[in-house]
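Undergrad: have a look at this prediction, sequence included:
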Amino acid sequence: MMRLLRALILVSLGVFAGFAGAAAALRGWLAWRGAEPRSEDELEVMAIFDGVELQNRSAALRGGRVLAWFGGVTLDLSQATLAPGAELDLRALFGGLRVIVPSGCRVDAETRSILGGVAVSAPTPSDPDAPVLLVRAIGVFGGISVEG
């Protein structure tokens, strides 16, 4: 009986620690919630229990942040021109993101997923001087698609 009680206590502590860690991570991911973009060449998109469709035609897109939390986002960047060093942070938490990148750009991706999926299927250009978009994508119980 004592072994069972000890095991239950240890499991309960582990579950509590896991939830506490997840809550701390979520606070870090959402720290920018409500922040205004620093310019019209930076994106701040959030869909919570909602859907967002956005097309960007920026002449010097520097990147931005996109969050889908129990929602969906379609972000069309096919008409945008990338600035040097463009970075895009994508987060899907029980939601979905679809990003269409400009043709002729190279996508460098850093992806992570927890019971979700991240797919990067943008074609690689043959031009070594092609603009580069760095994508950092995290899918937690959600899906992210980056395509060309």
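TA: Ah, there it is.
Undergrad: quick one: low-confidence parts of this protein?
TA: Along the chain, the parts satisfying pLDDT under 70 run over 1, 4-40.
Undergrad: ok, for the residue most central in space within the chain, nearest residue in space, not its chain neighbours?
TA: Geometric centre of the chain, nearest residue: residue 90, 1.4 Å, by C-alpha atoms, centre = their mean. Among residues not flanking residue 90 along the chain, residue 137 sits closest, at 4.2 Å (C-beta to C-beta, 6 or more residues apart in numbering). All C-beta spots, glycine's among them, are computed from the backbone N, C-alpha and C.
Undergrad: cool, and residue 68?
TA: Nearest to residue 68 is residue 95, by C-beta to C-beta, 6+ apart, at 3.3 Å.
Undergrad: what are the phi and psi values at that neighbour?
TA: Here is the backbone geometry of residue 95 (degrees, to the nearest 10): phi -150, psi -170.
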